[in-house]
Structures are given as C-alpha cells and as structure tokens.
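Chemist: I would like to see how this sequence folds:
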Amino acid sequence: HASVLSLYDSLRLKTSKIDQKEAKWSEVNAKIKSSLEDAKAKGENVVVLTNTMASPSTDALMTDLMSKYPNVKHVVYDAVSESNALDAFQAVYGTRALAGYDFSKADVIVSIGADFLGDWQGGGYDAGYSQGRIPKNGKMSKHIQIEANMSLAGANADKRIPLTIANQKQALVKIYNLISGASVGTSTINKYETEVVKAAQQLKAAGTKGVLVCGIDDVDAQLLTLAINSQLNSEAFNISNVSLKRKGNATEVNQLISDLKAGKVHTLLMNNVNPVYTLPNSKDFVEGLKKTKLSVAFSMKEDETASRTTIAAATPHYLESWGDVSINRGNYSLQQPTINPLFDTKQFQEVLLSLTDNSTSYYDYLKAFASNNLNGKTWNQTVHDGFATSEVSALSATSADFGASASKLASAKSSGLDLVLYTKVGLGDGQQANNPWLQEFPDPITRVSWDNYVTVSKKDAEAKELKNWNVANGGMNGSYVDVKVGNATLKNVP
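Modeler: Modelled structure (predicted):
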C-alpha cells in the first residue's frame, strides 16, 4: 500500500527530457525512431533492457518490434535475480519460469536457505503455509528450516538448523542421496549431521506430502531441488501453474555489459530498470552507456540511470495505466487505471506501438489482445473480476545430469565467515527507497528500520569483540565494522 505515495512523489518526471532539457513526446518518438532506422541501415545492435514485465500484451509488442527491426534484442534484467533457479528449471522443463509451491498440500516442509515467508522468489506463499499450520485432527505440517541468517521462515519453523552456505550444499546432497538412492560422497556436517539426516528421513517418509524448497543461488542446488521434488512426486510442487514473476537472465545481462564496453550497442532502450543503481558492476555499465549512439530510459523518476541517458522518457504510475499481467501460467489479469495521468507521460507500450507504425491506442490493442486470453469471459466481466483463469497441463521434464550437480555441491567447503545478503521485505530492490513509509517499516525479525546493518551470531560477536548497548533514550547503539569480500570493502557498517 505504500506504493500509493509514489503516485504523488515530488521527484517524478513531469515531462520527458532530451539531453537534460524538457522535450515533447513528438521529439522523443522521432529521435528514437531515427536511431532505430540508422542502426537497422548500418546493421548495428539495438538492445531493449527491461525488468520481468509478466505482461503478455507487452511481450507481443516486443515481438512486433523485433519483427520490424531484426537487429533488436530483448534482455530481461531483475535487480533481485533468480537467474540460477530459472536456468535450472528451463534446463529440465524447457520453460523459463519458477516452480510453483502450494504449502497447504505439504505435511513435511524442508527449506534450505529459502525464506518463503518473506519475499523469496517474489513471495506469496504465506497463505498456503498458514493453512497447513492449522491443527486438524491433532496434526499440522512440520517445518524444518536450514539456513545461515535468521529469517521469517526460520523464526516460524518447528526445527531450525543453522548452517554455513557450504554446509547447506552438503545437506542438500545428503537429502538427495536419501531420497533418490544415489551415493554421492559428502562431508560430515559438524554437530548437525544427525539433524540433517533426520530431516531427510522425515521428508522421504512423507512421500507425496513432502516438499523441499531451496534459496541457494547456485544452478546445481536448484537442479537438485527439482530432482528431489520430482522423486517425491510432491503434491505441493506445481509444474502446471508455474510462476512467471521473474525471468531475468544474468548471462545475457553480463553479455550486454561486455558489448556496451566494446562499443557494440548502437541504441539502448531501458524500461523500468535502474541498472546504474542496482548492478554490482555499475561502473562498467556507465562506461559502456557512454559509447552508445542513443540511450533511453523509460522511467517515473530521473533516477541514477535516467539522469545519465540521452533521453529520460517520463512514464506514468501503475495507478494511471492500463495493462495485463500473467503472474502464473493459466492466470491472466487486467490492470486498469484509477486516476487520469497527472503529468505529460506515456506508457512504454504506447511508444512500442508508435515505433512499429501502429496507430492503435494501447487500450484498444490490449482489448483486442485480451480477447484470446479470457477463456469465454467478456472484456467487461474480466475488467470487473480483474482476472480470468484457464486450465493448463503440467510441463514435461527432460533428463538432466543430477549426479554431476550433486558431486559439484559435495565439494563445497567453508572458509572463514560467510556474507549472506538478503532483501528487506519492505524495501525490496530499493526502487522506492525515498518512500518514508517503507524506510520506517521495521524489519520483522530485528525490528530495525532506516539502515543496513550486519547481524552475527553471539559466538562470532564475542570472538570479534562486537558489542551492542542501550543509550539514554532507550535506543540501541553498537560497534561498527568494515566488511571485506574479495577486493570490495564496505566501511563503517553498524
């Protein structure tokens, strides 16, 4: 609900800009069109960089653009990436998506590093989980959480097993061995070996009523997760209505940055992304951005990226926009505006229509496009209901070398302290970091707001002589640390 405030954000772009000067939309469209034609004539590359739009009509418009300009490539970038999980799912099921999970159908839940009650893979799993936690006939689901950092899921688990990332990988292989009958060699997991084996036994005993989820950012770990749930034939593991919330491709994003630095990108169009702020190697991106003939950012604000592009194209707030969304396979939703646009803005889709010489308004285009996705409903009924559903069949799995993945994970070893990064459930990827409601939203575990900080175990804190203490007003103060990973250092982190 805090996003309503961003509608009236004083930092919103009220009109588009070319070279930091206010410009009309006719000028913006003409400049982009001219650049696309120039790139096409010269056979040079054009890249459209977007977030996961999850919009079937926008995807269709992107297809039209690439048909008109064959030198255009669409790259999807998510600031909070699930690229490894997507790569694994695509390798097994042939579709770039994420498995769906219905925790209400599980009697035993084992989570390895996945805060599924927070915003893991986009969130939305708490309702199903809570249904299974209501005692029925003296029974409810059993939840085992294996993780490093205390999470919402860990705080609600029946059993929490604290392990380093390397030991989490070892635990995953041990569970895979027991479920699948494989015999991949693993290392002993300190004092928690027995607990991990017991969790694996309980998961196997649950059979189709068991499910395993994994948040380890490793394609091999994600492949084993798919293998384990497939072996269990888990009812909670859904490969029909799979999740389309994230579709980012880290490999293609890295290739784009390389191409930008090499001067191989003629025109770069960006929509609803702020890579200068969110990319870990944003300096390389900025360096490459300067080598393009034209760069355009479709954005609500003149953010870190839009302020560096040739054109900052002002886009409307979602409450001012029409659109469609398909969050899950088999679910089609319509988005309708609640207010007329406050400023001189245009939707990205309107510009795509203009670039493909389509004089249809996006509303009319959407209405015609949606007719093939409403499953017998009328447009008015779907606008009223907000969505239409259809039955979809389960995706078919192909073979994968799960044994090789298990062997790679089994070789993992701990070395010193692990740095575990996670997103705040309130701030997410930071695109609304200037929203005071979200800045003041306390973390549900630590109750801290307004700042980033390091959390460490009591044992590690004592070893490093780190302390917390209360001050006169009842607040808490504490030690500051420098966090160094490789060549990167964060100084004075509370």
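Chemist: what about residue 424, how many residues close to it?
Modeler: Other residues lying near residue 424 total 18 when counted by other C-beta atoms under 10 Å. Every residue, glycine included, has its C-beta placed from N, CA and C.
Chemist: pLDDT of the helix or strand where residue 38 lies, averaged?
Modeler: With the criterion set as DSSP states H and E, the secondary-structure element containing residue 38 is helix 25-42. What helix 25-42 shows for mean pLDDT is 97.
Chemist: list the buried residues for that helix?
Modeler: By 16 or more other C-beta atoms under 10 Å, the buried positions in helix 25-42 come out as 25, 28-29, 31-32, 35-36, 39-40.
Chemist: out of these, the closest to residue 218 would be?
Modeler: Distance ranking of those against residue 218, using C-beta to C-beta, places residue 39 first at 37.4 Å.
Chemist: which residues touch that closest one?
Modeler: When contacts are counted by C-beta atoms under 8 Å, 6 or more residues apart in numbering, residue 39 is found next to 45-46, 69, 71, 266-267, 293.
Chemist: neighbour count and distance to residue 321 for these - can I get that in CSV?
Modeler: Listed next are those as CSV, based on neighbours: other C-beta atoms under 10 Å; distance: C-beta to C-beta, whole Å:
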residue, neighbour count, distance to residue 321
45, 18, 29
46, 25, 25
69, 18, 25
71, 17, 29
266, 21, 29
267, 25, 25
293, 16, 29
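Chemist: show me which pair in those residues is furthest apart.
Modeler: Distance extremes for those: the farthest pair is 69 and 293 at 14.3 Å, using C-beta to C-beta.
Chemist: if we can go back for a sec, now the contacts of residue 39 in a markdown table, please, with extra columns for distance to residue 136 and secondary structure.
Modeler: Listed next are these as a markdown table, based on distance: C-beta to C-beta, whole Å; DSSP: H, G, I helix; E, B strand; the rest coil:
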| residue | distance to residue 136 | secondary structure |
| --- | --- | --- |
| 45 | 58 | strand |
| 46 | 57 | strand |
| 69 | 58 | coil |
| 71 | 59 | coil |
| 266 | 62 | strand |
| 267 | 59 | strand |
| 293 | 64 | coil |
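Chemist: now render the residues you listed as JSON lines, adding pLDDT.
Modeler: Written out in JSON lines, the entries for those read as follows (pLDDT from 0 to 100):
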{"residue": "45", "pLDDT": "97"}
{"residue": "46", "pLDDT": "98"}
{"residue": "69", "pLDDT": "97"}
{"residue": "71", "pLDDT": "97"}
{"residue": "266", "pLDDT": "98"}
{"residue": "267", "pLDDT": "98"}
{"residue": "293", "pLDDT": "97"}
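Chemist: quick one on the thing from earlier: tell me how far the helix holding residue 38 lies from the chain's centre.
Modeler: The chain centroid and the centroid of helix 25-42 are separated by 32 Å, computed with C-alpha atoms, centre = their mean, to the nearest Å.
Chemist: output it as PDB, nothing but the C-alphas.
Modeler: The C-alpha trace of helix 25-42 is given here as PDB (Å, rounded to 0.1, in the frame of the first residue of the first chain):
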ATOM      1  CA  TRP A  25       6.800  13.400 -27.000                       C
ATOM      2  CA  SER A  26       6.900  14.000 -30.700                       C
ATOM      3  CA  GLU A  27      10.500  14.900 -30.400                       C
ATOM      4  CA  VAL A  28      11.200  11.800 -28.200                       C
ATOM      5  CA  ASN A  29       9.500   9.400 -30.600                       C
ATOM      6  CA  ALA A  30      11.200  10.900 -33.600                       C
ATOM      7  CA  LYS A  31      14.700  10.700 -32.100                       C
ATOM      8  CA  ILE A  32      14.200   7.000 -31.100                       C
ATOM      9  CA  LYS A  33      12.700   6.100 -34.400                       C
ATOM     10  CA  SER A  34      15.500   7.800 -36.300                       C
ATOM     11  CA  SER A  35      18.100   5.900 -34.200                       C
ATOM     12  CA  LEU A  36      16.400   2.600 -34.800                       C
ATOM     13  CA  GLU A  37      16.400   3.200 -38.600                       C
ATOM     14  CA  ASP A  38      20.000   4.200 -38.500                       C
ATOM     15  CA  ALA A  39      21.000   1.100 -36.600                       C
ATOM     16  CA  LYS A  40      19.000  -1.100 -39.000                       C
ATOM     17  CA  ALA A  41      20.600   0.500 -42.000                       C
ATOM     18  CA  LYS A  42      24.100   0.000 -40.600                       C
END
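Chemist: quick one: contacts for residue 203?
Modeler: 108, 110, 175, 179, 210, 212, 228, 232.
Chemist: inside helices: which ones of those residues?
Modeler: Taking DSSP state H as the definition of helices, the contacts of residue 203 contribute 175, 179, 228, 232.
Chemist: just the closest of those residues to residue 489, please.
Modeler: Of all those, the one sitting nearest residue 489 is residue 175; the distance, using C-beta to C-beta, is 36.2 Å.
Chemist: which SS class is the closest residue to the closest one other than its chain neighbours?
Modeler: Nearest non-adjacent residue to residue 175, counting by C-beta to C-beta, 6 or more residues apart in numbering: residue 200, 4.2 Å away. Classification of residue 200 using DSSP: H, G, I helix; E, B strand; the rest coil returns helix.
Chemist: verify the contact between residue 200 and residue 179 for me.
Modeler: Yes - applying C-beta atoms under 8 Å as the test, residue 200 and residue 179 come out as touching, 6.9 Å apart.
Chemist: not including adjacent chain positions, what is the nearest residue to residue 393?
Modeler: Using C-beta to C-beta, 6+ apart and skipping the chain neighbours, the partner closest in space to residue 393 is residue 240 (6.5 Å).
Chemist: ok, residue 417 next?
Modeler: Distances taken as C-beta to C-beta, 6+ apart place residue 460 nearest to residue 417, at 6.9 Å, with adjacent residues excluded.
Chemist: quick check: the one you found vs residue 443, distance?
Modeler: Counting by C-beta to C-beta, to the nearest Å, the gap between residue 460 and residue 443 amounts to 20 Å.
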